[in-house]
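[1] here's my sequence, what's the structure:
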Amino acid sequence: MSYIKELGKKSKKAAEDLLNQTSAVKDAALLAIADAIYAERDSIKEVNKIDLDNAAENNMTKALIDRLTLTDARIDGMCDGIKEIVGMRDPVGIIKEGSVRPNGMQIQKVTVPIGVIGIIFESRPNVTVDAAALCLKAGSAVILRGGKEAVNSNRKLTSIMRNAVAKAGLSEDVISFVDDTSRETAAEMMKLNDYIDLLIPRGGASLINAVVQNATVPVIQTGVGNCHIYVDSDADLQMAVNIIENAKTKRPSVCNAVETIIIHEKVAAEFLPLLKTRLDKYLVQFRGCKKTIDILGGNIPLATEEDYTVEFLDLIVAVVIVDEYKDAVSHIRKYSSGHSEAIITNNYNTSNMFIKQVDSAAVYVNASTYFSDGAQFGYGAEIGISTQKLHARGPMGLNDLTSYKYVIQGKGQVR
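    Residues are numbered from 1 along each chain as shown. The predicted model follows:
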């Protein structure tokens with residue numbers, strides 16, 4: 001049996017054992033993980049430095065290195081996220097709906113664990129912990145396959161978590177780590193239908209597309225965030241500057257950062273200089289349409305078709321000026337990845353049209369796209385942000401990591 005199949009076999013057995021565990025046991029294991037990570041923070045940072053040094057040698061971008069870095073604040077955030085998950089309602093065993101049929105049969109729709117969940121992800125070690133904690137709370141075993149750039153950090157974090165759950169009385173195989181980062185192992189994992197019930201990719205467009213196109217295991221598509229903010233003719237311009245500053249510069253390497261600014265031509269001449277002055281403090285690079293260059297000057301490069309399509313994940317923003325509101329919606333429909341879009345306007349009717357006409361997982365009125373996050377929505381840590389429509393959409397929390405079954409109680413009824 002191959003290495004990856006052996007992991008799958010152990011995970012399936014662990015998932016079956018997990019069905020018999022109470023919420024209290026799962027929560028105790030999660031608290032043990034949080035305490036162990038907190039206690040091991042110094043050794044975690046030491047190992048993470050190996051990955052960071054390798055990243056620097058390989059000339060990784062600052063944005064990707066930021067994703068890879070584990071600071072004290074981020075380690076605290078991981079631990080706090082686990083504790084928040086502990087405080088949440090167990091998503092397993094909830095009766096979603098029920099009825100009594102004319103023949104007396106009682107029918108209930110009850111939430112159940114998915115089973116074994118595979119996560120394939122890139123360069124963010126915090127995903128290792130978030131994913132493991134969420135899956136455990138939702139009653140599923142997890143197989144984690146991170147990218148080679150974070151392999152040392154991921155190996156360390158997984159080892160800590162496996163030891164912690166074992167001490168809490170669970171099988172260490174409720175959390176597994178794919179130590180082999182080769183493409184061949186990833187490809188085999190995508191086709192492990194006998195052992196993996198759901199596969200969730202988290203990373204850039206190339207990773208997600210590879211999983212979607214090659215997996216035979218059911219996949220939830222997540223993550224690619226070509227997000228837009230439209231500044232309407234009736235916008236509060238100061239509010240718009242503040243929101244874009246937050247959405248672009250707070251953490252440009254994440255999928256909920258804004259990538260394209262769309263501006264109504266009636267306010268462009270006044271608004272663009274305000275925006276550029278603010279974003280210049282962060283050295284944000286502008287790429288704009290011809291009208292943008294006319295307003296800001298020739299130092300701004302002309303935006304290409306690719307600039308409106310790509311997820312920069314960096315301090316770069318594309319700008320387009322439109323003649324009418326409908327042109328803004330058309331631009332979003334053409335280029336959006338279906339993640340998060342925002343409108344800045346004081347016009348109630350325009351905002352309502354935007355909500356109805358823009359078909360993305362999260363649609364904002366007068367707020368930053370940076371809020372597209374499971375914790376910000378009150379779901380605790382998230383497993384990812386789904387950009388598809390089936391099973392789950394938007395920030396995926398605990399409830400999205402369950403399925404359901406029908407339980408029918410009878411007294412001898414026959415058909």
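
[2] which residues touch the most centrally placed residue in the chain?
    In the chain, the residue lying closest to the centroid (Cα atoms, centre = their mean) is Gly384, at 2.5 Å. Neighbour list for Gly384: 200, 202, 220, 222-223, 396 [criterion: Cβ atoms under 8 Å, 6 or more residues apart in numbering]. Bear in mind the C-beta positions are built from the backbone N, C-alpha and C, glycine included.

[3] break this protein into its domains for me.
    3-222+383-409, 227-371 (automatic domain parsing).

[4] mean confidence for the shortest one?
    This points to domain 227-371. In this model, domain 227-371 carries a mean pLDDT of 96.

[5] can you pull out the helices in the stretch 201-350 of the chain?
    Ranges of helices in the stretch 201-350 of the chain, per DSSP state H, counting those that start in this stretch, are 205-214, 237-249, 265-280, 290-296, 325-335, 348-357.

[6] buried set for the first one?
    Under the neighbour-count criterion of 16 or more other Cβ atoms under 10 Å, helix 205-214 has 207-208, 210-211 buried.

[7] what do you get for the longest one?
    Neighbour counts using 16+ other Cβ under 10 Å place 267-268, 271-272, 275-276, 278-279 of helix 265-280 among the buried residues.

[8] related to what we said a few turns ago, export the helices of the stretch 201-350 of the chain to TSV and tack on distance to Asn54?
    Shown next, in TSV, are these (distance: least, Cβ to Cβ, whole Å):
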stretch	distance to Asn54
helix 205-214	19
helix 237-249	27
helix 265-280	32
helix 290-296	39
helix 325-335	34
helix 348-357	44
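
[9] reformat the domains of the chain as a markdown table; add distance to Arg415.
    Below are the domains of the chain laid out as a markdown table (distance: least, Cβ to Cβ, whole Å):
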| stretch | distance to Arg415 |
| --- | --- |
| domain 3-222+383-409 | 9 |
| domain 227-371 | 42 |
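
[10] out of those domains, nearest to Phe377?
    domain 3-222+383-409 (5.2 Å; Cβ to Cβ).

[11] now for Asn366: which residues touch it?
    By Cβ under 8 Å, 6+ apart, the residues touching Asn366 are 236, 239, 243, 342-345, 351.

[12] now a PyMOL select for only the buried ones of these.
    Selection of buried members from the contacts of Asn366 for PyMOL, criterion 16+ other Cβ under 10 Å:
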select buried, resi 243+342+343+344+345+351
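
[13] adding distance to Gly169, write the contacts of Asn366 out as CSV.
    Listed next are the contacts of Asn366 as CSV, based on distance: Cβ to Cβ, whole Å:
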residue, distance to Gly169
Asp236, 55
Met239, 52
Ile243, 47
Ala342, 46
Ile343, 51
Ile344, 52
Thr345, 55
Ser351, 52
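
[14] surely Leu134 meets Gly397?
    Yes: counting by Cβ atoms under 8 Å, Leu134 touches Gly397, with 7.3 Å between them.

[15] so for these two, which residue has more residues nearby?
    Leu134 (31 against 23; other Cβ atoms under 10 Å).

[16] any idea how far the more buried one is from Lys290?
    According to Cβ to Cβ, to the nearest Å, Leu134 and Lys290 sit 46 Å apart.

[17] check Gln413 too.
    Gln413 is 73 Å from Lys290, by Cβ to Cβ.

[18] what's near enough to touch Asp234?
    So Asp234 contacts 345-347, 350 (Cβ under 8 Å, 6+ apart).

[19] which of the residues you listed count as buried?
    345, 350.

[20] show me which pair in the contacts of Asp234 is furthest apart.
    Maximum distance among the contacts of Asp234 (Cβ to Cβ): 8.8 Å, for Asn346 and Thr350.

[21] and Ser99, which of the three is it?
    Put simply, Ser99 is strand when judged by DSSP: H, G, I helix; E, B strand; the rest coil.

[22] equivalent analysis for the one 3 residues further on, please.
    Applying three-state DSSP to Pro102 yields a three-state assignment of coil.

[23] residues touching it, list them.
    No contacts exist for Pro102 under Cβ under 8 Å, 6+ apart.

[24] quick check: the gap between it and Gln413.
    10 Å.

[25] same check, this time on Leu283
    Taking Cβ to Cβ, one finds Leu283 at 71 Å from Gln413.

[26] those two: who's more crowded?
    Gln413 (11 against 8).

[27] where does the more buried one land on pLDDT?
    Confidence score, pLDDT, at Gln413: 93.

[28] just Val217 next, same as before
    So Val217 comes in at 95 (pLDDT).

[29] skip the chain neighbours and tell me the closest residue to it.
    Spatial nearest neighbour of Val217, excluding adjacent residues (Cβ to Cβ, 6 or more residues apart in numbering): Leu199 at 4.5 Å.

[30] just name whatever secondary elements the helix or strand containing that neighbour is in contact with.
    In this assignment (DSSP states H and E), Leu199 forms part of strand 198-202. Other elements packing on strand 198-202 under the criterion 3 or more Cβ pairs under 8 Å, 6 or more residues apart in numbering; DSSP states H and E are strand 116-121, helix 205-214.

[31] what's in contact with it?
    Residues from elsewhere that reach strand 198-202 (Cβ under 8 Å, 6+ apart): 114-122, 124, 127, 131, 189-190, 207-208, 210-212, 215, 217-223, 383-384.

[32] which one of the helices of the stretch 201-350 of the chain lies closest to Thr369?
    Comparing those by Cβ to Cβ, helix 237-249 comes nearest, at 4.9 Å.

[33] can you pull the buried residues of that closest one?
    240-241, 243-249.

[34] kindly indicate which of the residues you listed lies nearest Leu157.
    Of all the buried residues of helix 237-249, Thr249 has the smallest distance to Leu157: 28.3 Å, by Cβ to Cβ.

[35] what about the closest one, distance to Ile243?
    Separation of Thr249 from Ile243 (Cβ to Cβ): 11 Å.

[36] mind listing the shared neighbours of those two?
    Joint contacts of Thr249 and Ile243 (Cβ under 8 Å, 6+ apart) do not exist.

[37] for stretch 54-70, what is the average pLDDT?
    pLDDT averaged over stretch 54-70 gives 87.

[38] CA atoms only: put it into PDB for me.
    The C-alpha coordinates for stretch 54-70 follow below in PDB (Å, rounded to 0.1, in the frame of the first residue of the first chain):
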ATOM      1  CA  ASN A  54      14.700  29.100   2.500                       C
ATOM      2  CA  ALA A  55      12.100  31.500   1.200                       C
ATOM      3  CA  ALA A  56      14.600  34.400   1.100                       C
ATOM      4  CA  GLU A  57      17.100  32.300  -0.700                       C
ATOM      5  CA  ASN A  58      14.500  31.300  -3.300                       C
ATOM      6  CA  ASN A  59      13.600  35.000  -3.800                       C
ATOM      7  CA  MET A  60      10.000  34.600  -2.700                       C
ATOM      8  CA  THR A  61       8.000  37.900  -2.800                       C
ATOM      9  CA  LYS A  62       7.500  39.900   0.400                       C
ATOM     10  CA  ALA A  63       3.800  39.100   0.200                       C
ATOM     11  CA  LEU A  64       4.400  35.300   0.200                       C
ATOM     12  CA  ILE A  65       7.000  35.600   2.900                       C
ATOM     13  CA  ASP A  66       4.400  37.500   5.000                       C
ATOM     14  CA  ARG A  67       2.000  34.600   4.500                       C
ATOM     15  CA  LEU A  68       4.700  32.200   5.700                       C
ATOM     16  CA  THR A  69       5.700  34.100   8.800                       C
ATOM     17  CA  LEU A  70       4.700  33.000  12.300                       C
END
